[in-house]
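[1] Just the structure for this:
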Amino acid sequence: MAYIDYYKILGVDKSATQDDIKKAYRKLARKLHPDLNPDDKEAERKFKELNEANEVLSNPENRAKYDKYGENWKHGEEYEKARQQQQRQYQQQSYGGGGFSGADFGEGEDFSDFFQSMFGGAGGGFGRSSRGSSSGKFKGQDVHAELNLNLKDAAHTHPQTFEINGKKVRITIPAGVYDGQQIKLKGHGNPGFNGGPNGDLYITFNIPVDPNFERIGDDLKTKISIDLYTAVLGGDVKVNTLDGSVNLKVKPETQNGTTVRLKGKGFPVYKKEGQSGDLFVTYEVKLPTGLTDKQKELFEQLKNS
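    Now for the predicted structure:
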């Protein structure tokens with residue numbers, strides 16, 4: 001099987017840092033995501049390659065294996081263990097005068113075709129080959145996917161159904177997930193090799209910037225305009241939250257840029273039911289325009305009083 005250059009897929013060189021790899025993956029994932037390229041088979045193929053490359057290179061341990069074994073990085077340690085065991089068996093039988101008749105030392109036959117094409121028969125004449133051997137069971141490849149949520153959806157526990165490898169997967173997203181957070185669904189990845197367990201599915205949440213709220217941890221920030229008269233004399237204003245609107249009492253002589261806190265009206269705390277951060281509301285005082293001469297005269301009186 002042809003060698004796959006994961007560094008090339010991500011557009012980075014072998015000296016790239018983990019941060020470089022993360023940035024390259026996120027940039028390409030957004031560009032190639034199936035939701036943005038419906039019915040585009042080429043984009044779908046590249047997106048799968050991108051996820052595979054990220055799975056290997058974003059994990060330092062996996063990356064080290066890949067640099068040593070190539071695209072067969074998952075089976076590297078198993079291959080080495082099997083090779084060493086076969087060598088020990090060979091030495092024991094050699095010293096004991098035994099032959100190899102009837103023994104199944106088919107190097108590589110217990111491993112993927114990848115390893116046969118890359119390493120060949122490292123043992124060199126270890127007896128007859130056998131396709132029937134099935135002791136090498138390997139976990140299937142993990143799958144990485146991204147799920148886009150708006151801020152309001154991320155603030156509420158809700159079910160979500162999507163399709164991975166032709167199978168529908170239904171999950172419940174807990175309130176309070178954050179941008180870039182990753183969850184693991186065991187056994188929902190690619191099928192295992194030679195009867196091994198399936199890989200896992202890793203889902204990363206993408207939460208774009210909201211036009212009305214800025215999220216800082218579990219707290220939210222927002223801005224609201226009030227007219228000059230309300231700022232000077234005080235009054236009531238309506239403020240939008242993630243769960244609807246609330247009435248807020250503005251104190252007389254409120255200055256532009258004043259910030260008030262609404263306790264418990266922020267973002268839900270992840271997996272802590274009933275707990276939420278705070279909402280910080282900043283007043284932006286809007287000056288009146290199109291004043292009549294009479295109104296300007298009144299302002300002059302205030303100025304000179």
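[2] wait, Gly235 sits on Lys251?
    No: counting by CB atoms under 8 Å, Lys251 is not a contact partner of Gly235; they are 9.5 Å apart. (C-beta placed from N, C-alpha, C; glycine too.)
[3] Please say which of these two ends up with more neighbours.
    Neighbour count, other CB atoms under 10 Å: between Gly235 and Lys251, Gly235 has more, with 16 against 10.
[4] Quick one: residues contacting the most centrally placed residue in the chain.
    The centroid of the chain falls nearest to Thr204 when counting by CA atoms, centre = their mean (2.3 Å). The neighbourhood of Thr204, defined by CB atoms under 8 Å, 6 or more residues apart in numbering, consists of His144, Ala145, Glu146, Leu147, Gly180, Gln181, Gln182.
[5] tell me the SS of it?
    For Thr204, the reduced secondary structure class is strand; criterion used: DSSP: H, G, I helix; E, B strand; the rest coil.
[6] now Gly196
    Per three-state DSSP, the secondary structure class of Gly196 is coil.
[7] mind listing the strands for the stretch 51-200 of the chain?
    Applying DSSP state E, counting those that start in this stretch to the stretch 51-200 of the chain gives strands spanning 143-148, 158-164, 167-173, 182-185.
[8] can I get the ones you listed in JSON lines with mean neighbour count?
    Compiled in JSON lines, the strands of the stretch 51-200 of the chain are given as follows (neighbours: other CB atoms under 10 Å):
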{"stretch": "strand 143-148", "mean neighbour count": "19"}
{"stretch": "strand 158-164", "mean neighbour count": "11"}
{"stretch": "strand 167-173", "mean neighbour count": "12"}
{"stretch": "strand 182-185", "mean neighbour count": "13"}
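[9] Indicate which one of these is closest to Gln295.
    When those are ranked by distance to Gln295, counting by CB to CB, first place goes to strand 143-148 at 49.2 Å.
[10] just checking, what packs against the closest one?
    The contact analysis (3 or more CB pairs under 8 Å, 6 or more residues apart in numbering; DSSP states H and E) places strand 143-148 against helix 41-57, strand 158-164, strand 201-206.
[11] about what we covered before: how much space between the residue nearest to the centre of the chain and Asn54?
    10 Å (CB to CB, to the nearest Å).
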